[in-house]
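In: Here's a sequence, model it:
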Amino acid sequence: MGSSSYLLRVFITAVMFMQAHSSIPTIVGLYGETIAVPCNNGEAQPDGLMFTKWKYMKDDNTAGDLLVKQAHKEEATIQASDGYRDRVSIAPNSSLLIAKGTLEDQRLFTCMQVWGSNVKEYPVQVAVHKRPSPPQIKDKAQELENGKLTTLGSCLASDANPVAVLSWTKDGQTLVADDKTIKITEDVTTDPTTGLSTASSTLDYTAGKGDVGSQFSCVATHPLEVQESAPETFTVHYPTEKVSLQVINKDAIKEGDDVTLKCHADGNPPPTGFNFYLKDQKVPVLNDDTYTLQGVTRTSGGEYKCSLLDDESKHDTQSIIVHFLDLSVSPSGKVLKNFGDTLVVTAETNASVDVQVSWTKDNQKLMKQPVFTKLIYADAGLYVVEASVAGIKQNHSFELDVQGKPSIKDLTEETSFDGNSKVLSCEAEGSPEPSVQWSVNGTNEKRSLYSNGKVTHKITVVPSKNLTVLCTVTNSLGDDSRAIFLPSVNVETHTEEGTDRSNGNDQAKLIVGIVVGLILAAAIVGLIYWLYMKNSRQGSWKTREKEMGTSEEEKKLEENNHKPDV
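Out: Sure, this is the predicted structure:
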């Protein structure tokens, strides 16, 4: 019989019983355990109680006696002659105790108490409950087919009273039968010996792709307890609807890399193989879903495809970019150029995508590619160009050396702080590094570090008479000279301490007169010397070169310059 009709029958019987015994209390005992039936709802016994008697309603609706307990006696007198004879007793509070309760004990029991001239009866209805065994799903389907109504399994909740109500859940949600995609068939059987009931429920279910991994359970609802079966999952078979192709490589693909293609289908069970289309070549692959391209080159880039073996209309494509980089730089290696030359630098790239290019000179970053229209010494150095694209890096370098004949850029003199000496400074350019020589000896020689083709050399001299000093710079490519005129330096003598103030004043006046006279004399001598030199010599010292005179004059000048006059 269906569970719905059974529950309706139970409900009608219960209603009729309640209407007939609306004022009679009902107590619930547990199957197999001692049932305690209270007398007068467990109220205190009346004073002067003479005796308590328990009766019951037999199956034929006649009254039967169970026991009598005299107030002045310890033990009760058992009056029952049927199955209750060995199962009944009375508690100190006059409750009836029925051992090993069964469904036969579901009947009306009456407690009668007598004290003085009073006689009272207290009827009690007894119901016996038993929880069902935990529900179990049996006869489970091996697999479910997509879109097909299939018997998923049967659920049993046995030996209960009242009968358990069964329901089905999927992922915690109760399934409701619609007799189309979900069909639930229920049944109840009763054990003729015990009277206990077993409920069963069979679920027919139409599975879909969304049911993969879903958990199905059977729930048994009973007045004593709600129990749930262990969840069950089922394999759902469905055909492939979509194919997808994946490139397994995580990083950008470069020339020389191995590339793995993976083909995936959403069907269950999954296909056992695929067709891989490598450009124009179709390669069937059995018992695997991957294919590896080994050592790809730039020509390997393009579109790739995979499909089902038995249905090429179900396919997917992916485009692969193989990154590459070519870098060509001119010049390269060691480059030797002359000062003032032009040097053309080129850097050409060929790559899969836009290239990032950077230049450095002696490890210092340059803002752009170097351009040399007229080389100077500061242009010398190590130049490195680096190009990069998608993890590929290449670099080339050239080392530029700019050489040239030395040239004096500046020749200066300064008077020392004390006014007793001259500091000469000769600044020159050239490569290889030029050496510096003076035509006179000096002190405090100091040579600067050679950098960017420049060097500065200083000396200190004390000319005792007028001098023309020559600075000469030389390297393997030539030399250069420049002269500078130095007037003599007079060293002042100081008066001793303690000299009379008047004598000091006279001496000061004398010194002033001498100085003025010397200045006038020097001016006259200088004018005469200039006129002499202008008329007598055919060459003079200029800023960067020495004009040529007669051979006799040159010889005389050189002899004068090399005399140790300091």
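
In: Quick one: mean pLDDT over the biggest strand by length in the chain.
Out: Longest strand in the chain by number of residues, with DSSP state E as the criterion: strand 392-415. Per-residue pLDDT over strand 392-415 has a mean of 94.

In: Which neighbouring elements make contact with it?
Out: strand 325-330, strand 333-338, strand 381-389, strand 422-431, strand 467-475, strand 478-486 (3 or more C-beta pairs under 8 Å, 6 or more residues apart in numbering; DSSP states H and E). From N, CA and C alone the C-beta is placed, and that goes for glycine too.

In: Distance from the fourth one to the middle of the chain?
Out: Its chain's C-alpha centre and that of strand 422-431 lie 61 Å apart, by C-alpha atoms, centre = their mean, to the nearest Å.

In: I'd like to know which elements it is packed against.
Out: Counting contacts by 3+ C-beta pairs under 8 Å, 6+ apart, strand 422-431 is packed against strand 392-415, strand 435-438, strand 454-461, strand 467-475, strand 478-486.

In: Over to the second one?
Out: With contacts defined as 3+ C-beta pairs under 8 Å, 6+ apart, the packing partners of strand 333-338 are strand 392-415.

In: quick one: buried residues of the strand it packs on?
Out: Applying a neighbour-count criterion of 16 or more other C-beta atoms under 10 Å, one finds 392, 394, 396, 398-400, 402-409, 411 buried in strand 392-415.

In: which of those sit farthest apart?
Out: Among these, the pair separated by the greatest distance (C-beta to C-beta) is 392 and 411, at 54.9 Å.

In: Got the domain ranges for the chain?
Out: The record assigns the chain these domain ranges, following automatic domain parsing: 3-129, 136-237, 245-320, 325-402.

In: right, so those domains: which one is the most enclosed?
Out: Of all those, domain 136-237 has the most neighbours on average by mean count of other C-beta atoms under 10 Å, namely a mean of 17.

In: quick check, distance from that one to the centre of its chain.
Out: Put simply, domain 136-237 sits 46 Å off its chain's centre (C-alpha atoms, centre = their mean).

In: when you give positions from now on, start the count at 179
Out: Okay, residue one is now 179; in that scheme the one you just asked about reads as domain 314-415.

In: Quick one: end-to-end distance for that domain.
Out: 25 Å (C-alpha to C-alpha, to the nearest Å).

In: sorry, back to before: in terms of mean pLDDT, which of the domains of the chain ranks lowest?
Out: The minimum mean pLDDT among these belongs to domain 181-307 (a mean of 86).

In: With distance to residue 302 added, can I get the helices and strands packed on strand 600-609 in TSV?
Out: Output for the helices and strands packed on strand 600-609, formatted as TSV (distance: least, C-beta to C-beta, whole Å):
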stretch	distance to residue 302
strand 570-593	94
strand 613-616	134
strand 632-639	124
strand 645-653	132
strand 656-664	137
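
In: Of all the ones you listed, which one comes closest to residue 528?
Out: Of all those, strand 570-593 sits nearest to residue 528, with 11.0 Å by C-beta to C-beta.

In: Can you tell me the strand partners of the closest one and which way each runs?
Out: Sheet pairing of strand 570-593 (DSSP bridges) gives strand 511-516 (parallel), strand 559-567 (antiparallel), strand 600-609 (antiparallel).

In: Same list, those, but as CSV with distance to residue 376 please.
Out: Below are the strands paired with strand 570-593 laid out as CSV (distance: least, C-beta to C-beta, whole Å):
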stretch, distance to residue 376
strand 511-516, 97
strand 559-567, 76
strand 600-609, 110
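
In: Can you say which of those strands is nearest to residue 469?
Out: So among these, strand 559-567 is nearest, using C-beta to C-beta, at 26.9 Å.

In: Can I get that closest one in CSV? Just the C-alpha atoms.
Out: Output in CSV follows, covering the C-alpha atoms of strand 559-567 (Å, rounded to 0.1, in the frame of the first residue of the first chain):
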residue,chain,number,x,y,z
GLY,A,559,84.6,53.9,-23.7
LEU,A,560,82.8,50.5,-23.7
TYR,A,561,79.4,50.7,-25.3
VAL,A,562,76.8,47.9,-24.8
VAL,A,563,73.4,47.6,-26.4
GLU,A,564,70.8,45.2,-24.9
ALA,A,565,67.6,44.1,-26.6
SER,A,566,64.8,42.1,-24.9
VAL,A,567,61.5,40.7,-25.9
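
In: Next, the angle strand 503-508 makes with it.
Out: Angle, strand 559-567 to strand 503-508, by axes from the mean of the first three to the mean of the last three C-alpha atoms, to 10 degrees: 160 degrees.

In: Could you list the residues in contact with strand 559-567?
Out: Here strand 559-567 makes contact (C-beta atoms under 8 Å, 6 or more residues apart in numbering) with 501, 503, 505, 507, 523, 525, 527, 529-540, 547-548, 571-578.

In: For the closest residue to residue 423 other than its chain neighbours, list each beta-bridge partner.
Out: Using C-beta to C-beta, 6 or more residues apart in numbering and skipping residues adjacent in sequence, the residue nearest residue 423 is residue 494, 4.2 Å away. Here residue 494 shows beta-bridge partners residue 484, assigned using DSSP bridges.

In: Just to check, residue 494 is in contact with residue 484?
Out: Yes: in this structure, residue 494 is within contact of residue 484 by C-beta atoms under 8 Å, at 6.3 Å.

In: For residue 331, give its distance to residue 342.
Out: Using C-beta to C-beta, to the nearest Å, residue 331 is found at 17 Å from residue 342.

In: the strands in the stretch 379-528 of the chain, which residues?
Out: Here the stretch 379-528 of the chain has its strands, by DSSP state E, counting those that start in this stretch, at 394-399, 404-406, 413-415, 421-425, 437-443, 451-456, 459-464, 468-471, 480-486, 493-498, 503-508, 511-516, 524-529.

In: Please name the bridge partners of residue 542.
Out: Bridge pairing for residue 542 - DSSP bridges - gives residue 539.

In: Tell me who's in contact with residue 231.
Out: Contact partners of residue 231, counting by C-beta under 8 Å, 6+ apart, are 243, 245-247, 289-292.

In: before we move on, what about residue 537?
Out: Applying C-beta under 8 Å, 6+ apart, the residues contacting residue 537 are 543-544, 546-548, 561-563.

In: and residue 645, which of the domains of the chain is closest to it?
Out: In terms of C-beta to C-beta, the element of the domains of the chain nearest to residue 645 is domain 503-580, at 31.5 Å.

In: Find the residue at the geometric middle of this structure.
Out: Nearest to the mean C-alpha position of the chain, by C-alpha atoms, centre = their mean, lies residue 428 at 13.9 Å.

In: And that one, how far from residue 346?
Out: As judged by C-beta to C-beta, residue 428 and residue 346 stand 45 Å apart.

In: now swap in residue 592 and tell me
Out: For residue 592, the distance to residue 346 equals 110 Å [C-beta to C-beta].

In: And for residue 602?
Out: Look at residue 602 and residue 346: by C-beta to C-beta, they are 112 Å apart.

In: Any idea what residue 634 is bridged to?
Out: Residues in beta-bridge contact with residue 634 (DSSP bridges): residue 605.

In: My guess is it contacts residue 605. True?
Out: Yes: the pair residue 634 and residue 605 passes the contact test of C-beta under 8 Å, sitting 4.6 Å apart.

In: about what we covered before: nearest to residue 552, of the strands paired with strand 570-593?
Out: Between the strands paired with strand 570-593, strand 511-516 lies closest to residue 552; by C-beta to C-beta that is 10.7 Å.

In: Please enumerate residues in contact with that closest one?
Out: By C-beta under 8 Å, 6+ apart, the surrounding residues in contact with strand 511-516 are 521, 553, 576-582.

In: Same question for stretch 392-407.
Out: 307-310, 312-315, 330-331, 333, 335, 338, 340, 342-349, 352, 377, 379, 381, 383, 408-412.

In: Let's see which of those end up in helices.
Out: Judged by DSSP state H, helices contain none of these.
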